[in-house]
Structure formats: C-alpha cells, structure tokens
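S.K.: pasting the sequence and the predicted model now:
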Amino acid sequence: MPTDPDTGYDPSLGRKFVFVTGGVMSGLGKGITAASTGRLLSNAGFDVTAVKVDPYLNVDAGTMNPYEHGEVYVLKDGGEVDLDLGNYERFLGTDMTFDHNVTTGKTYQHVIERERAGDYLGKTVQIIPHVTDDIKRRIREAAEGSDVCLIEIGGTVGDIESMPFLEALRQFAHEEDDEDILFTHVTLVPYSKNGEQKTKPTQHSVKELRSIGLQPDVLVGRCEDRLDPETKEKIALFCDVPTDAVFSNPDVEDIYHVPLMVEDEGLDEYVMERLGLADEALPKAERSTEWRELVTRDREDEIDVALVGKYALEDAYMSIHEALKHAGIQTGTEVNVLWVDADETREEHEERLASADAVVVPGGFGSRGTDGKIEAVRYARENDVPFLGLCLGFQMAVVEHARNVLGLEDAHSAEIDADTPHPVIDLLPEQYETEDMGGTMRLGAHETDIEPGTLAASVYGADSCTERHRHRYEVNPEYIDELEADGLVFSGRADNRMEILERPDHPFFFGTQAHPEFRSRPDRASPPFVALVEAALGSTDTTERNADVRL
C-alpha cells in the first residue's frame, strides 16, 4: 500500500511487531519483560529494536520530576526520554534515538502543526484516522530495518490516556498478517491471605483489553513465585489463550536475571514460533551465552558506595545504580549502594557516608541538597576517599574547591545563587536567550579532548571520549586559571568548555560534566565507574580511614 498523502502513513515499513501492554497496576515490569524477550531474540540472531509509548501530554520527559517519574534518560541524539529506554539500551546493547519514544504530546503536536500548515487540505482532523495513523507511522519508522520491534505501551489498560494508542494497535492487527504481529499482556497475579495465586485481576484486565478489540496472544503473570500449573490453566481458560501461552515472570534478586527466567519459561521460543521466526533462529547450541555468563559471574570482592542525592528513590538514579553494577560485573565486585540524603548529610547521614569505600555525587537541578553535596565533596577530598562527581556533582566539586581551598567566600553556581560574588559555575552562553525549558539544554553525545598523562587519559585509555550531556550551566571561563592554581586540574575540555576535573594530590578524585552512566552496559561498563570501583578496592581500609574522619 502506498503512503497516504493526508497522513504520511506508510504501512509497508517494518517486519515483525510485538506489542506489550500492562494490566491491573502500573510498575509491573512490562519494560523489563519486553527487554528480556528482546535480549533472547537478539541471542538467537535477530536484529531487535524497541519503542516506548508514553501516553502523557508532555512532548518528552525532560521537564518531569524524577521523584514522580524516575530519572530522565538521555539518548545520544539528545532525546530526553523515559527510563525504560535506558533498560532497552542496556538489555539490547544498542543505541536508541528520540524516534523510539512516542508520547501523546509529541503526536498531538505534530498533527496540530500539520493542521495549522494546511496539510490536511481542509479535512476535519480527528483522533481516527489522523492521530492513530501518526502513531502507527512513528512505530513503523522506528522499526524500519529491524527483524523484530518490541513496542511497550506505558500505563495500564483502561487508562483514558492510552485509548488512541490501543486503537492504533487494534488497527495494526487488521493491517498485518497474523504471523507478523503479537500481543503480549503483562498482569499481576497476587497471593490471597491463604497463599492461593489469584487470577481474577488478570481476568478483569484481559476483559478490559478485549472490550476495545484486542485479544492477547501471550499472557505473562507477575508474581512473587512461578505460576502454579493450575493457575496457568485457569488463566488460559478464562482469558481464551492456550495454556502454553501463559508464562511466569516471578520476582528475582537482579533484573538482569529476568532473561534467564524468561528463557527457562520458554517465552522466547513461543514468540519465535508464533511469529514464524523459529526456522530462521540460530540453533540453540550457536546462540550467544554472553549475557548469562556476565550476570552470573562470581563476585569475589565487596565495597560500599555512598550515593549522595536528594531523591530517596532508586528510579531517580537508575542509570547510576546500573553503571555501578556493571563496574562490579567487570571487576568481580559486589557493589552495595548506600543512600545518603543530601538534605540531611550532617544531621542523620554522617555515619553512612563515613562507612563508604567511595562517594558518588550525581547530577540534579535546583538548590535543594546542594549544601549536602558540597559537604560530601569536601569529606571525600579531605579524607582521600575515592570520589566521582557527575554533572552537578562535577560543578559542586568546583564550588567546594573555590570555597575551601581557594578561600573564595560564598562562591557558588549562578543556578543556585544568582547573587553569588564568585559565580564559578555560570550559564552557558547560548542559554541567555532561551525561554522554553523543554529540550533546550546542552543535550546528547559530545566529544571531549583529554590531556595526555592525566588520570582521565588513564581512565579512558585514549586522548578523547564521547559521553552524553544534560546541562545548562558550565565552569565560568573567567575563573579557570584561578581554579587550576591550587590542586585542581581540568584534564578534559571541549573547546573552551571544562568537561573533566581531577586532583593529582588525591588517590582518585574525578568529576565530569557529562553523564557517563547513560552509556554503560553490562558488557561494556563505563570507564569512570570501573575506575572508581578499582580505586575503592585499592584504597585504605575503611575502618582505619574512619578513625580520623572529618565531617
């Protein structure tokens, strides 16, 4: 079928599509289930990509509060997206683009812009076909060139925000051959007080899905344990699917073990058979086992890393947690993350900070918690504790040096204190005329030149590196000479921008304006995180160091 001139929709794009919806409640792990399936399909030799659909009206995730929605994940092309895209990149080992995140805001914005431009030639613009066709177009274009595209529909079936997307999926089912499309529904299977696995929530969720014209091909039950055979049979009977299309996805200690669990359940084999891909898959003996070997690798050592932030929520710092985990995989180390509230560093978290083998100060925005982050930097500097500062953490290391080493009283970032007498961190020049908040920062992958013979050169093993960025402020060029006069070295630069700092008088003190955590993978750990873990393993014994701790 040719491209529709009214909608720009070309139904010939793409090959195989797996749609993943969720029922009963949000946060069940649809994304991890989809990413795990994708990992196994990739192991079997297929080129797999993914699309995350977010039914909110935001154009992107850039202006959303991490405490409510989790971290804002940054892609190489500068797209600010939902954290699930991070999981897809880590599980699939591929780089996504902003086109792989579809939001209601992005879709409606595009349709309205076309209407204003007169592209619809006077036609009444409606949800069907204009919005639904735009949704389908985006999914197909993101899937182009891949063997299988996994599409996760955010939210829960029944949400009013999801209706245009679910309608688009219903239309997909009519436009595709049966063997080219698969609907997977993830639901909650809770326990009753007497220990019985209850199927009624799943039944109601599937009933809701079927009421809008979608029949799931596969059901995945999220439960504390594997589903009992009787439970699977009951779900199959009441939800009108074969018993062998009902799969367990029980709780596991580490999300990287979910592909192993899914593989044991046989979900990947069922998906390949249902999509007509079984004959094209690599023989089992030839499939990659690298993932299993990585995530089951023994950890011979153990360290504690203090993460000093302001959001008491792991999802707000998910990529940092994962990057530390990846560094642990590479070094054979169990990395325990100790949460340190930057708002209460002195009052309640001194002991936790002092017990850590290393300190990470992450990125963030706004004034809350900055004093605690500066104190954490000072503690790491004065007590020779391995330190890694990321974005705002990098900037607070500059502020701490200016205040406590150079004696520049009240030095600060102009973002935090517009009246500071010493704005050692100031607004990027190109930001002065910026009015909109969304998508206007320095975003995405940027290259940094590294000074030979420095710690940064040792960390990256090269004279340059490319990392992803998300910031509006930078080191003030007017203070660079003064800042470097007493123990601080800017060892990485991008033209006149300071990108990496270090302290030659410290065992390991490393700050970066970038977010290296966004490029970290289980099989390709981020160099700064690996270097931090190695420094923590080789540092002075924690108990000896803490005998003379200064906080």
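M.R.: Here it is on my side, so go on.
S.K.: what sits closest to residue 188 if chain neighbours are left out?
M.R.: Leaving out its chain neighbours, the residue that sits closest to residue 188 by Cβ to Cβ, 6 or more residues apart in numbering is residue 24, at 4.1 Å. (Glycine included, C-beta is placed from N, CA and C.)
S.K.: try residue 330
M.R.: Of all residues not flanking residue 330 in the chain, residue 525 sits nearest, at 4.4 Å (Cβ to Cβ, 6+ apart).
S.K.: and the gap between that neighbour and residue 326?
M.R.: Applying Cβ to Cβ, to the nearest Å, the value for residue 525 to residue 326 is 4 Å.
S.K.: residue 469 now?
M.R.: 20 Å.
S.K.: measure the residue sitting furthest away from the middle of the chain to residue 230 for me?
M.R.: No residue in the chain sits farther from the centre than residue 122, which is 41.6 Å out by Cα atoms, centre = their mean. According to Cβ to Cβ, residue 122 and residue 230 sit 59 Å apart.
S.K.: distance between the ends of stretch 510-518?
M.R.: 17 Å (Cα to Cα, to the nearest Å).
S.K.: ok, and for that stretch, which residues are buried?
M.R.: 510, 511, 512, 513, 514, 515, 516, 517, 518 (16 or more other Cβ atoms under 10 Å).
S.K.: also stretch 269-276?
M.R.: 270, 271, 272, 274, 275.
S.K.: which residue packs closest to the residue sitting nearest the centre point of the chain, ignoring adjacent ones?
M.R.: Nearest to the mean C-alpha position of the chain, by Cα atoms, centre = their mean, lies residue 86 at 2.9 Å. Nearest residue to residue 86, sequence neighbours excluded (Cβ to Cβ, 6+ apart): residue 73, at 4.2 Å.
S.K.: same check, this time on residue 191
M.R.: For residue 191, the spatially nearest residue (Cβ to Cβ, 6+ apart) is residue 197, at 6.2 Å.
S.K.: now render the buried residues of stretch 269-276 as TSV, adding pLDDT.
M.R.: TSV is the format used below for these (pLDDT from 0 to 100):
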residue	pLDDT
270	96
271	97
272	96
274	95
275	95
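S.K.: got TSV for those, with secondary structure too?
M.R.: Output for those, formatted as TSV (DSSP: H, G, I helix; E, B strand; the rest coil):
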residue	secondary structure
270	helix
271	helix
272	helix
274	helix
275	coil
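S.K.: of those, closest to residue 214?
M.R.: residue 274 (15.7 Å; Cβ to Cβ).
S.K.: helix or strand for the closest residue to residue 127 other than its chain neighbours, which one?
M.R.: Closest residue to residue 127 apart from its sequence neighbours, by Cβ to Cβ, 6+ apart: residue 164 at 5.5 Å. Assigned by DSSP states H and E, residue 164 belongs to helix 163-175.
S.K.: average pLDDT for that helix?
M.R.: Mean pLDDT, helix 163-175: 94.
S.K.: buried stuff in it?
M.R.: Per 16+ other Cβ under 10 Å, helix 163-175 contains these buried residues: 164, 165, 166, 167, 168, 169, 171, 172.
S.K.: which is the next helix or strand following it?
M.R.: Helix 163-175 is succeeded, C-terminally, by strand 181-188 (DSSP H and E).
S.K.: show me the contacts for the spatially closest residue to residue 181 that is not a sequence neighbour.
M.R.: Spatial nearest neighbour of residue 181, excluding adjacent residues (Cβ to Cβ, 6+ apart): residue 17 at 4.9 Å. Counting by Cβ atoms under 8 Å, 6 or more residues apart in numbering, residue 17 touches 139, 143, 148, 149, 151, 172, 176, 180, 181, 182.
S.K.: SS state for residue 17?
M.R.: Reduced to three states by three-state DSSP, residue 17 is strand.
S.K.: so what's it bridging to?
M.R.: With DSSP bridges applied, residue 17 shows beta-bridge pairing to residue 149, residue 181.
S.K.: against residue 82, how distant is it?
M.R.: Taking Cβ to Cβ, one finds residue 17 at 19 Å from residue 82.
S.K.: swap in residue 156?
M.R.: 15 Å.
S.K.: same check, this time on residue 237
M.R.: 35 Å.
S.K.: mind checking pLDDT for the closest residue to residue 501 other than its chain neighbours?
M.R.: Leaving aside its chain neighbours, residue 501 sits nearest to residue 511 (4.5 Å; criterion: Cβ to Cβ, 6+ apart). Listed pLDDT for residue 511 reads 97.
S.K.: quick check, residue 511 in contact with residue 388.
M.R.: Yes: assessed by Cβ atoms under 8 Å, residue 511 is found in contact with residue 388 at 7.4 Å.
S.K.: which strand or helix spans residue 337?
M.R.: strand 333-341.
S.K.: each with direction, which strands does that strand pair with?
M.R.: strand 301-309 (parallel).
S.K.: quick one, the helix or strand following the partner strand and strand 333-341 angle?
M.R.: Next along the chain after strand 301-309, taking DSSP H and E as the criterion, comes helix 318-331. Compare the direction of helix 318-331 with that of strand 333-341 by axes from the mean of the first three to the mean of the last three Cα atoms, to 10 degrees and you get 150 degrees.
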